[in-house]
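Engineer: just coords:
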């Protein structure tokens with residue numbers, strides 16, 4: 001398969017004598033390649049990444065999403081020495097080789113789990129996609145050693161299901177509701193979701209519980225709450241029903257505000273649909289047009305009973321959460337038009 005035009009343009013930019021490709025342009029092109037590329041694009045971009053991995057770290061997700069075992073082997077050979085990342089190599093390479101199912105990297109990834117962030121996070125996310133049969137005992141020992149701590153390797157809990165011990169679901173919930181710092185609970189949130197259908201009730205409860213701060217953009221908890229919702233197959237319709245019930249309940253204003261903030265954070269990810277690098281978190285099935293119908297349409301012309309109307313019953317007129325909802329409505333309208341354009345062109 002031929003490489004995309006976007007890939008050729010990016011290669012031309014890297015190879016020109018002019019200043020480096022600007023961050024905004026590179027991010028836009030990489031997003032297009034992530035969504036529409038193939039193995040050919042990953043193979044074409046790998047040599048230029050190896051030339052300057054630190055400056056071209058945004059390419060790594062392309063290798064993970066569109067690469068193969070050969071890609072993983074080449075990444076590992078070029079980016080590591082003596083079981084460690086070479087200087088200047090982005091930690092995302094650890095996630096990529098694991099996501100590609102490259103089992104020879106398993107021990108090396110484990111050796112990074114209790115290291116510094118972001119190596120630790122990327123090693124855990126990589127291991128999540130590998131069998132880890134030979135690491136089961138070590139993972140369990142590490143989890144027991146850190147269980148209940150405020151600060152710990154944040155994404156170690158995502159490996160709890162690798163132990164084969166179902167009791168870790170309850171222990172992760174207890175951990176998050178006990179001593180765990182909310183600066184360090186993204187891995188707990190995702191780790192709970194990874195227990196599957198039997199974790200749905202616990203996960204849904206933590207979303208709306210202010211203690212968990214699942215709305216936290218600064219800590220990244222909102223991103224991993226979004227990832228967990230996708231792992232569990234929760235739809236925006238499911239989440240909106242939960243939000244509506246809580247906003248219409250007799251809960252306090254601050255609790256209702258938290259629920260709205262969490263929902264708005266999740267909706268932002270639903271609109272943008274960033275690639276998470278989790279094979280158990282497929283893209284949402286709702287189109288942007290469906291989200292507009294669900295959340296922003298009035299059922300009658302007489303009263304705003306949309307999401308904005310619901311939020312307006314709790315928040316002041318100039319509240320930043322309401323302002324963000326208007327922004328998201330506009331963003332979804334733009335994205336819905338783009339979706340229609342793409343489908344129209346593909347149907348020709």
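Structural biologist: Cool, got the structure. From a predicted model like this one, the values you see are computed outputs, not experimental measurements.
Engineer: distance of the most centrally placed residue in the chain from residue 99?
Structural biologist: Centroid-nearest residue in the chain, with CA atoms, centre = their mean: residue 276, separated by 3.8 Å. Using CB to CB, to the nearest Å, residue 276 is found at 10 Å from residue 99. For the C-beta atoms, the positions are set from N, CA and C on the backbone; glycine is no exception.
Engineer: Off-centre distance for stretch 283-296?
Structural biologist: The chain centre lies 19 Å from the centre of stretch 283-296; the measure is CA atoms, centre = their mean, to the nearest Å.
Engineer: Go through it and flag the buried ones.
Structural biologist: By neighbour count on 16 or more other CB atoms under 10 Å, the buried set for stretch 283-296 is 284, 288, 290-292, 295-296.
Engineer: just curious, which of those residues is nearest to residue 5?
Structural biologist: When the buried residues of stretch 283-296 are ranked by distance to residue 5 (CB to CB), residue 288 comes first, at 24.5 Å.
Engineer: my guess is that closest one contacts residue 340, does it?
Structural biologist: No: in this structure residue 288 lies outside contact range of residue 340 using CB atoms under 8 Å: 9.3 Å.
Engineer: follow-up on the earlier one: how about the residue nearest to the centre of the chain, secondary structure?
Structural biologist: State at residue 276, reduced to three classes by DSSP: H, G, I helix; E, B strand; the rest coil: coil.
Engineer: And the strands in the stretch 51-200 of the chain?
Structural biologist: Secondary structure of the stretch 51-200 of the chain (DSSP state E, counting those that start in this stretch): strands located at 80-81, 84-85.
Engineer: What number of residues are in the vicinity of residue 13?
Structural biologist: Residues lying near residue 13 (other CB atoms under 10 Å) number 17.
Engineer: any idea which element it lies in?
Structural biologist: In this structure, residue 13 sits in helix 5-15 according to DSSP states H and E.
Engineer: show me what contacts residue 336?
Structural biologist: Counting by CB atoms under 8 Å, 6 or more residues apart in numbering, residue 336 touches 287-289, 292.
Engineer: Ignore what I typed, I meant residue 224.
Structural biologist: 186-187, 189-190.
Engineer: for residue 283, same thing?
Structural biologist: Residues counted as contacts of residue 283 (CB under 8 Å, 6+ apart) are 230, 273.
Engineer: just checking, it is part of a strand?
Structural biologist: No: Residue 283 sits outside any strand when classified using three-state DSSP, being coil.
Engineer: Show me how far the helix holding residue 13 is from its chain's centre.
Structural biologist: For helix 5-15, the separation from the chain centroid amounts to 27 Å (computed by CA atoms, centre = their mean).
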